[in-house]
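A.B. asks: no sequence on hand, only this structure:
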């Protein structure tokens, strides 16, 4: 079966739960034309992660699911896993950094999941050393799981259906599962569309890896916790290198200013990772990007942090 057919099949698998999210024009107060927002914040858990995680958990056998499911997450994947576990009547466990936003940790618990908070170094050590292989749970890797990528690819199908003639899609990048899935779907159906990978300047793991020609590890200091992944895995790098035409970096100030403006002008609350694509798009001239879609990947943000941004006069 061709990859695009696998993505279509994944879409059918998850369509009873996952919403076909709207494309909303960016408010004219931004001063940028022909930008449309793919509003994944209206998914049941408030982020796109439900697409891939549901596809992966559904693909497990009943015996595998009966052992419970686990993942590693800064917050949104953990929320998706807890939601899916409740949907199937099984248990879920998510290894999370102890710096994860309280809003995300509380949401995992509210869905019935078990967040296990550890230092961020322990999270990435666990991933690098494949710690899940020594545990009984059915593990959903947040980036490299093929079913996760296929589920995320459904987002690309929706964009092409809802905006014929789209010329550029800006995609936030952390571990790369979203970029891989959306990129594969779009490349298969309309290879003329430009895919632009967007990262915070404070955590440029893909950007630096593309520059170096191989995966490198970077230091991460960013408000964009949802994409604060300090390295691109050996498995993901060749996939992302093949799909990515270019990458863009966005400053912390521009991320915060975009969060504020989306809230006040478009009435949309987005987290740092969700604002990346818009910040990159409005910095790109219309003649260069053409008709544009920005993926608003998630909206889980601590209220104190959001209030601080909204009340900061330096971000006007």
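C.D. replies: Okay, I see it. The shown structure was predicted, so the numbers you read here are calculated from the model rather than taken from an experiment.

A.B. asks: pLDDT weak spots in the stretch 201-316 of the chain?
C.D. replies: By pLDDT under 70, the stretch 201-316 of the chain has no low-scoring segment.

A.B. asks: now residue 152, nearest residue through space, not along the chain?
C.D. replies: Leaving aside its chain neighbours, residue 152 sits nearest to residue 181 (3.3 Å; criterion: CB to CB, 6 or more residues apart in numbering). C-beta coordinates here come from the backbone N, C-alpha and C atoms, glycine included.

A.B. asks: helices or strands up against the strand or helix carrying the one you found?
C.D. replies: Element membership of residue 181 [criterion: DSSP states H and E] is helix 177-189. For helix 177-189, the elements it packs on are helix 3-14, helix 49-59, helix 146-162, strand 168-172, strand 194-200, helix 236-243, judged by 3 or more CB pairs under 8 Å, 6 or more residues apart in numbering; DSSP states H and E.

A.B. asks: what about residue 34, how many residues close to it?
C.D. replies: For residue 34, the neighbour count with other CB atoms under 10 Å is 17.

A.B. asks: which pLDDT value goes with it?
C.D. replies: Residue 34 carries a pLDDT score of 95 in this model.

A.B. asks: please tell me how far it sits from residue 285.
C.D. replies: Distance of residue 34 to residue 285, given as CB to CB, to the nearest Å: 11 Å.

A.B. asks: try residue 187
C.D. replies: In terms of CB to CB, residue 187 sits 24 Å off from residue 285.

A.B. asks: who's more crowded, these two?
C.D. replies: residue 187 (17 against 7).

A.B. asks: what count of nearby residues applies to the spatially closest residue to that one that is not a sequence neighbour?
C.D. replies: Nearest non-adjacent residue to residue 187, counting by CB to CB, 6+ apart: residue 243, 6.4 Å away. The number of residues packed near residue 243 is 19, by other CB under 10 Å.

A.B. asks: can I assume residue 243 is in contact with residue 183?
C.D. replies: Yes. Assessed by CB atoms under 8 Å, residue 243 is found in contact with residue 183 at 3.5 Å.

A.B. asks: joint contacts of the two?
C.D. replies: Residues touching both residue 243 and residue 183 (CB atoms under 8 Å, 6 or more residues apart in numbering): residue 195.

A.B. asks: and whatever helix or strand residue 258 lives in with strand 194-200, angle?
C.D. replies: According to DSSP H and E, residue 258 maps onto helix 252-265. Comparing the axes of helix 252-265 and strand 194-200 via axes from the mean of the first three to the mean of the last three CA atoms, to 10 degrees yields an angle of 110 degrees.
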